[in-house]
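Visitor: my questions concern the predicted model and sequence given below.
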Amino acid sequence: MRKKIIAGNWKMYKTFSEAVDLVKKIIPLVKDSAADVIVCPNYVCLSEVAKLLPGTNVALGAQDLYWEKEGAFTGKVSGPMLKSVGVEFVIIGHSEQRSYFHETNETVNKKVKAALENGLKPIVCVGEVLAERESGKTEQVVRNHVEGAFAGISEQDLRKCVIAYEPVWAIGTGKTASPEQAQEVHAFIRGLLSRMYNKAVAQEIRIQYGGSMKPENAKDLLSQPDIDGGLIGGAALKADSFAGIVNFKG
Ligand code: PEP
């Protein structure tokens, strides 16, 4: 049985004091959660949020990393830097990175490798845009994303990864994939992992759904057999709505 895993992606929201305030509100609300809980603040707030997490059941995630360890790469943050402030998970290949910041399957793969080399657990985002869904290319796109992200990754390392299926047309739009639409792609990803690696590891990997998940639709999505959690954007910015998803009753 895979334990559910719910991560809040705070994107480029929350100043220092707002981030501290939000995590202080989240911690007591999710303390009895049956799921793993992760918050992913912006880089500036990571170390301060990290100070509030020991002794809680909330883990820290970052929203991206650069694949080099250090160097003249203005504006970038490396794996060792994230590790040094207590980051455990890192989101890689988010659709906003892919569409606005030139993220490709190749850079995703380099980041996945860099994260693993530095003891970070990647949350790898995959998913199709609306035109791809409408032209019947969802599986082809998702297969490219998955094969690209995990090229050269061993089975042992795959076990440290989480995959987030995020149909781009459902991100921040209020349009959620139906539980059946999401389940179909999650099952496809698991089948793909089974062919790329083996059935046992495919059964172990947790696959989150992301795209306008909120307390009202979380239960139906999270009750699907291959949906193992959520990557939450908008609804993660308020403690009560995030906790409403984390504490869903199946
Ligand atoms: C996301 O950005 O990963 C996301 C799922 O956003 P939202 O929940 O706002 O659709």
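Guide: Okay, I see it.
Visitor: check what contacts whichever strand or helix holds residue 207 and list those residues.
Guide: If you go by DSSP states H and E, residue 207 is part of strand 206-209. Identification of contacts with strand 206-209 by C-beta atoms under 8 Å, 6 or more residues apart in numbering yields 2-7, 123, 162-166, 177, 182, 186, 189-190, 221-222, 226-231. To be clear about C-beta, it is placed using only N, CA and C from the backbone, and glycine gets the same treatment.
Visitor: intersect the residues you listed with the contacts of the ligand.
Guide: 166, 231 (C-beta under 6 Å from any ligand atom).
Visitor: mind checking which of the contacts of strand 206-209 are in helices?
Guide: Members of the contacts of strand 206-209 lying in helices (criterion: DSSP state H): 182, 186, 189, 190, 221, 222.
Visitor: turn these into JSON lines, columns for neighbour count and pLDDT.
Guide: JSON lines is the format used below for the ones in helices among the contacts of strand 206-209 (neighbours: other C-beta atoms under 10 Å; pLDDT from 0 to 100):
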{"residue": "182", "neighbour count": "25", "pLDDT": "98"}
{"residue": "186", "neighbour count": "23", "pLDDT": "98"}
{"residue": "189", "neighbour count": "21", "pLDDT": "98"}
{"residue": "190", "neighbour count": "18", "pLDDT": "98"}
{"residue": "221", "neighbour count": "24", "pLDDT": "97"}
{"residue": "222", "neighbour count": "22", "pLDDT": "97"}
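Visitor: just checking, residue 59 is part of a strand?
Guide: Yes. According to DSSP: H, G, I helix; E, B strand; the rest coil, residue 59 belongs to a strand.
Visitor: what pLDDT is listed against the residue located most distally from the centre of the chain?
Guide: Centroid-distance maximum for the chain: residue 72 at 28.0 Å, with C-alpha atoms, centre = their mean. On pLDDT, residue 72 comes in at 98.
Visitor: separation between it and residue 62?
Guide: 21 Å (C-beta to C-beta, to the nearest Å).
Visitor: so which bits of the chain are right by the ligand?
Guide: Going by C-beta under 6 Å from any ligand atom, the residues of the chain near the ligand are 9, 166, 171-172, 210-213, 231-235.
Visitor: of all those, which two lie farthest apart?
Guide: Between any two of the residues of the chain next to the ligand, the greatest separation by C-beta to C-beta is 13.8 Å, found for 166 and 235.
Visitor: these two: which is more packed in?
Guide: residue 166 (27 against 20; other C-beta atoms under 10 Å).
Visitor: give me phi/psi at that one?
Guide: phi -130, psi 100 (degrees, to the nearest 10).
Visitor: spit out the contact partners of it.
Guide: 94, 95, 125, 126, 127, 209, 210, 211, 231 are the contacts of residue 166 under C-beta under 8 Å, 6+ apart.
Visitor: could you measure the closest residue to the last one other than its chain neighbours against residue 40, distance?
Guide: Nearest residue to residue 231, sequence neighbours excluded (C-beta to C-beta, 6 or more residues apart in numbering): residue 210, at 3.5 Å. Distance from residue 210 to residue 40, counting by C-beta to C-beta: 12 Å.
Visitor: and for the two, which residues touch both?
Guide: residue 9.
Visitor: thinking again about what came up before, next, format the residues of the chain next to the ligand as a markdown table and append pLDDT and distance to residue 49.
Guide: Shown next, in a markdown table, are the residues of the chain next to the ligand (pLDDT from 0 to 100; distance: C-beta to C-beta, whole Å):
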| residue | pLDDT | distance to residue 49 |
| --- | --- | --- |
| 9 | 98 | 14 |
| 166 | 98 | 23 |
| 171 | 92 | 23 |
| 172 | 89 | 22 |
| 210 | 97 | 21 |
| 211 | 96 | 25 |
| 212 | 94 | 24 |
| 213 | 97 | 22 |
| 231 | 98 | 18 |
| 232 | 98 | 16 |
| 233 | 98 | 17 |
| 234 | 97 | 19 |
| 235 | 98 | 18 |
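Visitor: before I go, just wanted to say thanks for your time.
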